[in-house]
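Asker: give me the fold of what follows.
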Amino acid sequence: MLAEKELKAAIPHALRDLQIEWPYDHSSGKVRESLSLPDRRRLLVTTDRLSAFDIVLAALPYKGQVLNQLSAFWFEQMADVSPSHLLAVPDPNVSLVHECEALPVEVIVRGYITGSTKTALWTLYADGNREMYGYSFPDGLQKNDPLPEPIITPTTKAGPGEHDERLTRAEVVDRGFLDPQTWDTVQEAALAIFKRGQAVAQKAGFCLVDTKYEFGRGPDGTLMLIDEVHTPDSSRFWKADTMDEPQPDQWDKEYVRLWYSNQGYRGDGTPPALPDEVIAETARRYIALYEGLTGREFEPAPYPAESRITNAVRGYLD
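Answerer: Reported below is the predicted structural model:
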């Protein structure tokens, strides 16, 4: 594990902007660059950009490496449950993947009743709702309790500046997003992946609370797990030994959101700057989660990273 001093020293070098001259399609997301190749493959390049409240807030040292390599680990763990788009990891920040057409819905799997936003399960439940998102909930649940069974709440894939729309299974089918057979296959795979993820997390002393999965179709039409899987950005992890506390210890992006909330920031206006201590602690948690889940020591590729990544990426043009 990197020491706090090492993490703080890496903050000025974190990879926030990445300039790659590319002759084919090149799109930029909040935390990742996507570069197409002419043979129906794609290069996904992770940066260290940290996003929350639908905006980029800071650069977190080694974040891109953690997310890229942790997703690769999970794709390997899930190979018997669902094929993935991953082909190779030519650099700690780069994945070579199949070109896939993403399905028009994302899959949220929830194992616990929690949350504080107005649409969160716990908020609705505490207001007396027992029928939510197509599911019936029993009486007597307390905040942060495990659900009787994990549930799926599919959402639309909202564009920039838009909010996802929560859907039910009936809406996914009736509104033509997916046919019934495809949705049943996606749902079965998502629940199996979540179950595997919870088991691995439990062995490492963590709890996988909820997560987001994205599926797509590869060049031959095969349904594939795509995007990133069970990372601190895409999933909510708590420390297992703090589950009974009013606010379990967060080992994911929620740790940063809570810091902002404690400063009174909710996503409007200019966010306060993250102190180096908060950045270093967030990076430590990301790395500790990686090491706990994988059983591997994190070996960071050195900064500055742009020239190394650019060389790895441009190698696919030769």
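
Asker: can you give me the distance of residue 164 to residue 186?
Answerer: Between residue 164 and residue 186 the distance, using CB to CB, to the nearest Å, works out to 16 Å. To be clear about C-beta, it is placed using only N, CA and C from the backbone, and glycine gets the same treatment.

Asker: neighbour count winner among these two?
Answerer: residue 186 (22 against 16; other CB atoms under 10 Å).

Asker: which of the residues in the longest helix along the chain are buried?
Answerer: Assignment by DSSP state H gives helix 180-203 as the longest helix of the chain. By neighbour count with 16 or more other CB atoms under 10 Å, helix 180-203 contains the buried residues 182-183, 186-187, 189-191, 193-194, 196-198, 200-201.

Asker: need phi/psi at the residue nearest to the spatial centre of the chain.
Answerer: Nearest to the geometric centre of the chain sits residue 234, at 1.7 Å (CA atoms, centre = their mean). When read as degrees, to the nearest 10, the backbone of residue 234 gives phi -100, psi -10.

Asker: so how far is residue 35 from it?
Answerer: Relative to residue 35, residue 234 is positioned 21 Å away (CB to CB).

Asker: please apply the same query to residue 305.
Answerer: Taken as CB to CB, the span from residue 305 to residue 35 is 16 Å.

Asker: swap in residue 267?
Answerer: 30 Å.

Asker: can you report how many residues neighbour residue 26?
Answerer: 14.

Asker: assign the residue lying closest to it once chain neighbours are set aside to helix, strand or coil.
Answerer: Spatially, and ignoring its direct neighbours in sequence, residue 26 is nearest to residue 35 (5.3 Å; CB to CB, 6 or more residues apart in numbering). What DSSP: H, G, I helix; E, B strand; the rest coil gives for residue 35 is strand.

Asker: that older thread, nearest to residue 31, of the buried residues of helix 180-203?
Answerer: residue 197 (20.6 Å; CB to CB).

Asker: do you know the pLDDT at the closest one?
Answerer: Listed pLDDT for residue 197 reads 97.

Asker: surely the residue nearest to residue 26 and residue 42 touch.
Answerer: Yes - applying CB atoms under 8 Å, one finds residue 35 in contact with residue 42, separated by 6.6 Å.

Asker: hey, where'd the helices end up in the stretch 51-200 of the chain?
Answerer: Assigned by DSSP state H, counting those that start in this stretch, the helices in the stretch 51-200 of the chain fall at 63-77, 121-126, 169-174, 180-203.

Asker: out of those, which is closest to residue 253?
Answerer: helix 63-77 (9.8 Å).

Asker: next, the angle helix 180-203 makes with that closest one.
Answerer: Going by axes from the mean of the first three to the mean of the last three CA atoms, to 10 degrees, helix 63-77 is angled at 110 degrees with respect to helix 180-203.

Asker: pLDDT on helix 63-77, on average?
Answerer: Rounded mean pLDDT across helix 63-77 is 98.

Asker: so what secondary structure elements neighbour it?
Answerer: strand 41-46, strand 86-91, strand 94-98, helix 180-203, helix 276-294 (3 or more CB pairs under 8 Å, 6 or more residues apart in numbering; DSSP states H and E).

Asker: need the ones you listed in JSON lines (columns: distance to residue 174).
Answerer: Output for the helices and strands packed on helix 63-77, formatted as JSON lines (distance: least, CB to CB, whole Å):
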{"stretch": "strand 41-46", "distance to residue 174": "32"}
{"stretch": "strand 86-91", "distance to residue 174": "33"}
{"stretch": "strand 94-98", "distance to residue 174": "30"}
{"stretch": "helix 180-203", "distance to residue 174": "10"}
{"stretch": "helix 276-294", "distance to residue 174": "38"}
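
Asker: relative to residue 4, which of those is closest?
Answerer: helix 276-294 (5.2 Å).

Asker: same question for the closest one: list its buried residues.
Answerer: For helix 276-294, by 16+ other CB under 10 Å, it's 279-294.

Asker: cool, stretch 19-39 as well?
Answerer: Under 16+ other CB under 10 Å, the buried positions of stretch 19-39 are 31, 32, 33, 35, 36, 37.

Asker: in this structure the first one contacts residue 49, no?
Answerer: Yes - under the criterion of CB under 8 Å, residue 31 makes contact with residue 49 at 4.7 Å.

Asker: next one: the nearest residue to residue 43 once chain neighbours are set aside from residue 312, what distance?
Answerer: Nearest residue to residue 43, sequence neighbours excluded (CB to CB, 6+ apart): residue 35, at 4.3 Å. Remark: distance between residue 35 and residue 312 (CB to CB) = 11 Å.

Asker: same deal with residue 97?
Answerer: Taken as CB to CB, the span from residue 97 to residue 312 is 14 Å.
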